[in-house]
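*Asks:* Just a sequence and a predicted model for now, questions to come.
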Amino acid sequence: MPPHHGGAHMGLSPMNRARLVIFNAALGPLDYRVPEGMAVEPGSVVVAPLGPRQIVGIVWEEERLPASAVPDSRLRPLIGVIPVPPLQAALRRLIEWTADYYCAPIAAVARMVLASGGALRGPATITEYRLSGGAPERMTPQRAAAIDARGGEQATIRELAGIAGVSEGVLRGLVNQGVLEPVEVDCDRPYPRAGADFAVPELSEDQAQVAGRFVVAVEERRFAPFLLDGVTGSGKTEAYFEAIAASLRLGRQTLVLLPEIALTEAFLRRFEDRFGAAPVVWHSSLKSTERRRAWRAIAAGTAQVVVGARSALFLPYRNLGLIVVDEAHEISFKQDEGVRYNARDVAVMRARFESLPVILASATPALESLQMAESGVYEKVELESRFGGAEMPSIDTVNLTEEPPERGRWLAPRLVEGMRERLARGEQSLLFLNRRGYAPLTLCRKCGYRFQCPNCTAWLVEHRLSRRLACHHCGHETAPPLACPECGEPDCMVACGPGVERIADEVAAIMPEARIAVATSDTLNSPEKAAEFVAMAEEGAIDVIVGTQLVTKGFHFPELTLVGVVDADLGLEGGDLRAAERTYQQVAQVAGRAGRGAKPGEVLIQTRHPEAPVIAALAGGDRDAFYAAETEARRHAGAPPFGRWAAIIVSSEDEAEAREAANRIGATRPVLPDVAILGPAPAPLSLLRGRYRYRLLINARRSAQVQDVIREWLGALTFPSGVRVSIDIDPYSFV
Ligand code: ADP
Ligand code: ZN
């Protein structure tokens with residue numbers, strides 16, 4: 001790491017005091033003395049004393065971070081500077097903006113930048129092991145598995161144990177016998193280089209036109225927000241790959257945000273085909289050594305392209321040239337804990353602070369994004385037809401009232417018929433139902449007892465594959481009881497309603513010869529499993545896929561020609577203001593999986609309400625009319641993007657304490673002409689992870705300074721230590 005040029009970089013005298021953002025949300029900024037000979041500048045990552053402990057902090061501009069002044073004589077000296085590049089000014093501005101906009105402590109936002117503790121330590125190596133060529137004294141099945149693991153590629157003991165499914169003891173035994181030999185590996189070894197021109201595709205005329213606009217913006221290094229609105233299968237990825245190529249040629253970094261880890265596998269392969277090397281991956285399940293390596297390469301500027309989940313957005317890129325948000329309509333870009341930010345929106349802000357293009361890609365853009373394009377803030381670029389002449393699928397509804405499934409079943413005869421035809425022709429079907437597990441509700445056949453989570457206002461969901469009753473909110477799990485906890489009836493459980501596992505059982509009963517895959521976050525819970533699923537589906541080793549929203553996007557299976565939506569009404573029940581939009585997006589996305597190759601696709605939507613506007617729009621292929629009607633409804637309700645929402649969520653393990661705190665907030669509500677405040681009311685999820693919850697909802701005109709109003713309002717109140725008050729700006733969840 002090069003030495004740092006302290007305050008001298010702007011011709012100022014070196015800093016002798018430093019104000020720090022420290023990673024303790026309870027404490028504000030703190031001032032320290034910079035000892036003689038230590039060079040720091042705004043953005044430097046430093047170690048400072050706090051009481052008897054040492055803490056990490058970031059040096060910040062004093063004037064941007066008000067704190068009570070401490071005289072020089074009372075300041076304690078900084079202990080040291082961590083040898084990583086100082087956070088750049090544009091990133092500091094982004095941190096401030098995010099903290100301010102989402103009403104979050106600046107320390108909580110800054111912590112997301114330094115997301116890897118290991119990265120802050122100096123150079124390091126890890127020990128990996130590889131086969132020496134020797135044989136063990138005695139071969140056992142475990143030893144054989146350990147030797148076969150990863151085709152003999154080297155890895156750490158822990159990784160090898162994980163891959164081979166054997167204990168670390170087995171591997172240590174092999175090390176002792178010299179079958180495995182150690183190799184010291186540099187933690188920060190460079191990543192393989194991607195090449196902009198490795199395999200340049202021939203773009204369609206439409207794609208070339210779109211890509212050309214991106215490339216110009218990348219080369220001009222200017223803030224340019226694009227909304228890439230293209231139907232499913234139109235080749236959006238290939239089009240934005242050209243923007244990435246342009247960024248690579250300029251030696252600048254690119255960040256690609258994806259909504260789910262499960263999508264990264266397919267993306268990685270496509271990326272490698274195009275650029276000759278894999279991008280750097282960033283997500284929450286990285287091992288600490290991988291995290292460290294990625295973080296340091298990102299900060300050093302050697303990570304050329306980073307693909308990741310929303311948390312990749314706050315990393316300290318040295319030389320960012322482009323941001324892509326793929327499937328930008330996905331609500332998983334909104335974080336619902338801690339700093340409740342929306343990565344799509346913060347991505348646009350980051351692009352603005354750093355003067356770069358940002359591409360929001362989607363086949364079903366969020367209404368907010370379309371409105372931004374409408375009002376000229378975003379530049380809309382369109383791909384109107386599928387690549388390579390593939391047709392859009394035909395979409396039809398199945399009215400469940402007129403064509404009901406057989407008793408105790410969920411698939412209507414017409415859908416079953418369609419699946420049989422596909423199976424006979426060697427094609428694939430996909431059934432979409434956004435419910436994990438076997439059944440959403442389980443009761444006792446004798447007394448009607450409903451199995452409920454002890455920590456949440458939620459039913460326990462039966463998972464037959466893993467033989468568990470599970471809460472989807474807190475993760476609580478139990479083995480299915482042998483008898484009813486209420487009346488003691490043995491073997492009492494009755495499943496109510498379908499989940500994907502139950503649909504898979506039904507398919508197996510109807511077509512015993514079909515090869516069925518259940519695709520949910522339970523079954524595709526690691527990149528390896530996701531990769532295996534994709535490979536099997538592509539090879540035609542799966543006839544029927546039954547999946548949740550996880551399978552609605554990203555995947556490209558040419559033999560998939562039938563999509564069945566098991567229950568299109570599900571998302572509309574008791575939903576919030578975005579329910580219709582979300583249903584439209586989900587069904588349009590899953591429909592988009594059908595007929596992407598040479599063979600035409602067909603989509604059957606099971607519903608009890610074929611006349612509902614969203615269902616009619618889907619069946620009629622009339623997206624514009626749907627969006628227009630939805631836009632009018634939002635305008636009328638003063639909902640986003642025409643008005644603003646914010647939520648205040650009050651919780652405590654003590655129900656009375658939560659209620660009192662919420663009531664006190666309610667009683668001190670400000671009265672303002674352009675702000676309406678609803679509640680407090682018990683949240684729909686009134687108990688979550690053992691905490692009782694109350695909500696207030698704020699609806700304001702666009703022009704209102706909602707954040708200031710909330711800060712002033714809540715800032716005047718104090719609460720018992722057991723009470724948590726969270727603020728959710730632009731909320732997506734209303735439970
Ligand atoms: P989208 O992201 O818009 O749904 P994709 O980018 O996945 O669409 O493209 C659909 C399919 O067409 C993919 O299999 C992709 O590899 C292929 N494709 C798109 N553009 C090209 C191109 N220019 N040359 C070759 N294949 C392409
Ligand atoms: Zn629970």
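*Replies:* Noted; the coordinates are in hand. Residues are numbered from 1 along each chain as shown. Ligands and ions are numbered 1, 2, ... in the order given.
*Asks:* Could you say which helix or strand holds residue 265?
*Replies:* helix 264-275 (DSSP states H and E).
*Asks:* Could you do residue 194 as well?
*Replies:* Counting by DSSP H and E, residue 194 is part of no helix or strand.
*Asks:* show me the contacts for it.
*Replies:* By Cβ atoms under 8 Å, 6 or more residues apart in numbering, residue 194 lies in contact with 248, 271, 275, 276, 277, 279, 304, 305. C-beta: built from backbone N, CA, C; applies to glycine.
*Asks:* For the closest residue in space to it that isn't next to it in sequence, give me its contacts.
*Replies:* The shortest distance from residue 194 to any non-neighbouring residue, by Cβ to Cβ, 6 or more residues apart in numbering, is to residue 275 (3.9 Å). Contact partners of residue 275, counting by Cβ under 8 Å, 6+ apart, are 194, 195, 196, 198, 199, 241, 244, 245, 248, 305.
*Asks:* Same question for residue 701.
*Replies:* 638, 643, 644, 674, 675 are the contacts of residue 701 under Cβ under 8 Å, 6+ apart.
*Asks:* Disregarding residues adjacent in the polypeptide, which is nearest to the closest residue to ligand 2 within the stretch 601-735 of the chain?
*Replies:* The nearest approach of the stretch 601-735 of the chain to ligand 2 comes at residue 689, 6.6 Å away (Cβ to the ion). Once flanking residues are discounted, residue 689 sits nearest to residue 474: 4.5 Å by Cβ to Cβ, 6+ apart.
*Asks:* So what's the residue count around the one you found?
*Replies:* If you count neighbours by other Cβ atoms under 10 Å, residue 474 ends up with 17.
*Asks:* one step back: can you flag the buried ones in the contacts of residue 194?
*Replies:* 248, 271, 275, 279, 304, 305 (16 or more other Cβ atoms under 10 Å).
*Asks:* Between those residues, which sits nearest residue 658?
*Replies:* Ranked by distance to residue 658 (Cβ to Cβ), those are led by residue 279 at 44.6 Å.
*Asks:* Kindly state the pLDDT recorded for the closest one?
*Replies:* Reading off the confidence values, residue 279 has pLDDT 97.
*Asks:* in which helix or strand would I find residue 531?
*Replies:* helix 527-539.
*Asks:* hang on, the earlier thing: which helices and strands does the next helix-or-strand element following the helix holding residue 265 pack with?
*Replies:* Later in the chain than helix 264-275, the nearest helix or strand by DSSP H and E is strand 280-282. Strand 280-282 is packed against helix 288-300, strand 305-308, with contacts defined by 3 or more Cβ pairs under 8 Å, 6 or more residues apart in numbering; DSSP states H and E.
*Asks:* What strands line up against strand 280-282, and which way round?
*Replies:* Strand 280-282 has the following sheet partners, assigned by DSSP bridges: strand 305-308 (parallel).
*Asks:* hey, C-alpha coordinates of the partner strand in CSV?
*Replies:* Provided in CSV are the C-alpha atoms of strand 305-308 (Å, rounded to 0.1, in the frame of the first residue of the first chain):
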residue,chain,number,x,y,z
VAL,A,305,-16.3,-6.0,-12.4
VAL,A,306,-18.1,-6.8,-9.2
VAL,A,307,-21.5,-8.6,-9.2
GLY,A,308,-23.3,-8.7,-6.0
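*Asks:* Which positions within it qualify as buried?
*Replies:* 305, 306, 307, 308.
*Asks:* which residues sit against it?
*Replies:* With Cβ under 8 Å, 6+ apart, strand 305-308 has contacts from 194, 244, 247-248, 253-258, 264, 267-268, 271, 275, 279-283, 294, 298, 312, 315, 317.
*Asks:* Please report how far the nearest residue to residue 79 once chain neighbours are set aside lies from residue 163.
*Replies:* Among residues not flanking residue 79 along the chain, residue 47 sits closest, at 4.4 Å (Cβ to Cβ, 6+ apart). Here residue 47 is placed at a distance of 37 Å from residue 163 (Cβ to Cβ, to the nearest Å).
*Asks:* Which one of these two is surrounded by more residues?
*Replies:* residue 163 (17 against 14).
*Asks:* what's the helix or strand hosting the more buried one packed up against?
*Replies:* Residue 163 belongs to helix 157-164 when elements are defined using DSSP H and E. Counting contacts by 3+ Cβ pairs under 8 Å, 6+ apart, helix 157-164 packs against helix 141-148, helix 168-176.
*Asks:* Please identify the buried residues of that helix?
*Replies:* 157, 159, 160, 161, 163, 164.
*Asks:* pretty sure the fourth one is touching residue 167, no?
*Replies:* Yes: the pair residue 161 and residue 167 passes the contact test of Cβ atoms under 8 Å, sitting 6.3 Å apart.
*Asks:* just checking, residue 238 touches residue 201?
*Replies:* Yes: shown here, residue 238 and residue 201 form a contact pair, counting by Cβ under 8 Å, at 5.8 Å.
*Asks:* Overlap of the contact sets of the two?
*Replies:* residue 274.
*Asks:* Compare neighbour counts for these two and give me the winner.
*Replies:* For the pair residue 238 and residue 201, the greater number of neighbours falls to residue 238 (19 against 13), based on other Cβ under 10 Å.
*Asks:* That one: what secondary structure?
*Replies:* In three-state terms, and counting by DSSP: H, G, I helix; E, B strand; the rest coil, residue 238 is helix.
*Asks:* got it, and residue 577?
*Replies:* coil.
*Asks:* Quick check: residues of the chain near ligand 1?
*Replies:* 201-204, 207, 230, 232-238, 387-388, 556 (Cβ under 6 Å from any ligand atom).
*Asks:* Relative to ligand 2, which residue of the stretch 1-150 of the chain is the closest?
*Replies:* Nearest residue of the stretch 1-150 of the chain to ligand 2: residue 108, at 25.1 Å (Cβ to the ion).
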